[in-house]
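Student: Here you go, sequence then predicted model.
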Amino acid sequence: MAIETDIKRKARSEYIYKRKTMVMIALSCGVSAGTIRRWKKKAESVGDNWDTARAAHTIAGEGLDAVIINVVEEFMIMAQHMIEELKDGKDQPLEKRVSQITSLADAMNKMTASAGKLAPKISELGVAQDVLRRQLEFVRENFPQHADVILEIIEPFGERLVEAYG
């Protein structure tokens, strides 16, 4: 029994502090992923929520901005995967694909708005980078002879923006 308690403690630690997946923890502890899931669920039923502890540790260690960036990146990867599936899903009725695209667009808008509210510096950096990109496009279109000079200025200035807002 003491050995199982030690393994549970190790599994919890790897989940919370090392952010390992259930499969990786199972391999490390020599038990099945299902066993890890059962331990996690049982712990939650007595008030030990591993996910909450994991999020708190991440926020304390990396900061909320890092967590938000990670969530947005993961969401965008899933959204990109969904778009690829929609492209390949020609056997689905058009109405269903349009509905899925609409839902995805709505989810992306909500994700972007939420991330901007929770981490305004990330949102500010995005706006600043967009302004620089638009300025460079403007110069290329209207003053092409100055494009190299503006690019020479914008690149190091972009690094300064990351320092200020990133």
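Tutor: Arrived safely, thanks for sending.
Student: per the record, what domains does this protein have?
Tutor: For the chain, the structural domains run 2-57, 63-118, 122-165, going by automatic domain parsing.
Student: hey, which helix or strand in this structure has the poorest pLDDT?
Tutor: Lowest by mean pLDDT, DSSP states H and E among the helices and strands of the chain is helix 50-62, with a mean of 75.
Student: what's the next secondary structure element after that helix?
Tutor: Next helix or strand after helix 50-62 toward the C-terminus (DSSP states H and E): helix 64-88.
Student: which other helices and strands contact that following helix?
Tutor: In this structure, helix 64-88 makes packing contacts with helix 50-62, helix 94-118, helix 120-142, judged by 3 or more CB pairs under 8 Å, 6 or more residues apart in numbering; DSSP states H and E. Every C-beta, even on glycine, is put in place using the N, C-alpha and C of the backbone.
Student: returning to that earlier point: okay, the domains of the chain, which one's buried deepest?
Tutor: domain 2-57 (a mean of 14; mean count of other CB atoms under 10 Å).
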